[in-house]
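>>> Please find the sequence and the predicted model below.
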Amino acid sequence: KTAGKLLAIVFSFQGVGGLLSCSVFALCMAFGASPAFTWRFALAFGAVPTLVAVAMRSRMEENDEFTDAHKQEEALSVGHWKATRAMLSTYRNVLIGTAG
C-alpha cells in the first residue's frame with residue numbers, strides 16, 4: 001500500500017523535474033543571466049527532484065511477493081549457470097576451434 005504511493009510519487013517527480021528546469025531557465029533568462037550559466041543552472045536544478053526520488057526509493061521496502069519471486073529467480077539462475085558450464089565444457093574444443 002505504502003510502496004505503491006511512494007512509487008507514484010517517485011514517477012511524478014519526473015514531470016516536476018521537467019517543469020522546474022523549464023521554469024528556472026525562463027527565470028534566469030528573464031533576469032539577464034548568461035546562456036552558459038542558465039543551461040548549467042537549469043540542468044542542475046532539474047536534477048534536484050531526481051535526487052529526492054532516489055533518496056525516497058532507497059527507503060522503500062520491497063513487498064513479500066517481490067522478495068519471494070527474487071529468491072525463486074536466484075535459485076533458478078544457479079541451476080542455469082551449472083547447465084551452461086556443463087554445456088561449455090562439453091563443447092569446449094568445438095568452440096575453441098571456431099574462435100580462430
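Received it, and whenever you're ready, just let me know what you need. Just so you know, these numbers come straight off a predicted model, no measurement behind them. Residues are numbered from 1 along each chain as shown.
>>> okay, CA-based contacts and neighbour counts for the rest of this
Fine.
>>> As a check, name the ranges of all helices in this protein.
Per DSSP state H, the chain carries helices over the ranges 2-30, 35-59, 64-90, 92-99.
>>> Would you format these as a markdown table with mean pLDDT and mean neighbour count included?
Shown next, in a markdown table, are these (pLDDT from 0 to 100; neighbours: other C-alpha atoms under 10 Å):
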| stretch | mean pLDDT | mean neighbour count |
| --- | --- | --- |
| helix 2-30 | 82 | 15 |
| helix 35-59 | 83 | 15 |
| helix 64-90 | 80 | 11 |
| helix 92-99 | 80 | 10 |
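>>> now stretch 41-51, how far from the centre of its chain.
The chain centre lies 16 Å from the centre of stretch 41-51; the measure is C-alpha atoms, centre = their mean, to the nearest Å.
>>> Please enumerate residues in contact with that stretch?
Outside stretch 41-51, the residues within contact range by C-alpha atoms under 8 Å, 6 or more residues apart in numbering are Phe13, Gln14, Val16, Gly17, Gly18, Leu20, Ser21, Cys22, Val24, Phe25.
>>> which residue packs closest to the residue most central in space within the chain, ignoring adjacent ones?
Closest to where the C-alpha atoms of the chain average out (C-alpha atoms, centre = their mean) is Val54, at 9.0 Å. Computed as C-alpha to C-alpha, 6 or more residues apart in numbering, the closest residue to Val54 that is not its neighbour in sequence is Val10, at 8.0 Å.
>>> Quick check: that neighbour vs Phe41, distance?
Distance, Val10 to Phe41, using C-alpha to C-alpha, to the nearest Å: 22 Å.
>>> For the nearest residue to Ala42 once chain neighbours are set aside, give me its contacts.
In space, and not counting its chain neighbours, Ala42 is closest to Ser21: 4.9 Å by C-alpha to C-alpha, 6+ apart. By C-alpha under 8 Å, 6+ apart, the residues touching Ser21 are Ala42, Leu43, Phe45, Gly46.
>>> For the last one, give its distance to Cys28.
This means Gly46. Gly46 is 13 Å from Cys28, where distance means C-alpha to C-alpha.
>>> for Ala47, same thing?
For Ala47 relative to Cys28 (C-alpha to C-alpha), the value is 17 Å.
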